[in-house]
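Enquirer: attaching a predicted model along with its sequence, questions to come.
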Amino acid sequence: MKLLVINGPNLNFLGIRERGIYGTEDYMYLTGLLEKKAITEGHDLEVFQSNCEGEIIDKIQAAYHDKVDGIIINPGAYTHYSYAIRDALASIEVPVIEVHISNVHRREEFRHVSVTAPVCTGQIVGLGLRGYLLAMDYLTGKV
Ligand code: DQA
């Protein structure tokens, strides 16, 4: 299967930012984890990260043209207010799983709202980096 992982702002700072919340593993560790799983299971995976809203929207639109089979997205803080990313996700008929490393519901009130989740297939929250692996298992039909 052709899979795309999109990580939004500040996720490239994993292992540096708020380690008590996001853990000590860095972004390279996350990409390695996902790439290793994809190779082992025979999937074609691209992992993309951007701190810019427009680049994330361009990537979602490109996924439509590239006939991607499934998207895993962690929009970072854009989750809570980007109607533009929501509209981009709503434009395509590709299964999308939204992942959050932290349990956003145990944090500040502004993190309790996701404007993107209603246009996603499902959401995985608070299970750390393993949330991405679980999302991959769902999209590939492994679970
Ligand atoms: C996050 C939660 C967001 O509220 C935050 O802005 C992030 C990371 C998570 O993975 O837990 O950047 O999406």
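Expert: Structure received. Numbers count the residues shown, from 1 in each chain.
Enquirer: separation between Ser114 and Arg19?
Expert: 24 Å (C-beta to C-beta, to the nearest Å). Bear in mind the C-beta positions are built from the backbone N, C-alpha and C, glycine included.
Enquirer: quick one, which of the two is more surrounded?
Expert: Shown here are Ser114 and Arg19; by other C-beta atoms under 10 Å, Ser114 has more neighbours (20 against 11).
Enquirer: how much space between the more buried one and the ligand?
Expert: 9 Å (C-beta to the nearest ligand atom, to the nearest Å).
Enquirer: leaving out the residues flanking it, which one is nearest to that residue?
Expert: Thr79 (4.9 Å; C-beta to C-beta, 6 or more residues apart in numbering).
Enquirer: this protein against the ligand: which residues are in contact?
Expert: Residues of the chain lying close to the ligand (C-beta under 6 Å from any ligand atom) are Asn10, Asn74, Gly76, Ala77, Thr79, His100, Ile101, Ser102, Val104, Arg111.
Enquirer: mind running it again at 5 Å?
Expert: When proximity is defined as C-beta under 5 Å from any ligand atom, the chain approaches the ligand at Asn10, Asn74, Gly76, Ala77, His100, Ile101, Ser102, Arg111.
Enquirer: and the fourth one, what does it touch?
Expert: Which is Ala77. Listed by C-beta atoms under 8 Å, 6 or more residues apart in numbering, the contact partners of Ala77 are Gly8, Pro9, Asn10.
Enquirer: try 6 Å
Expert: Ala77 makes contact with Pro9, according to C-beta atoms under 6 Å, 6 or more residues apart in numbering.
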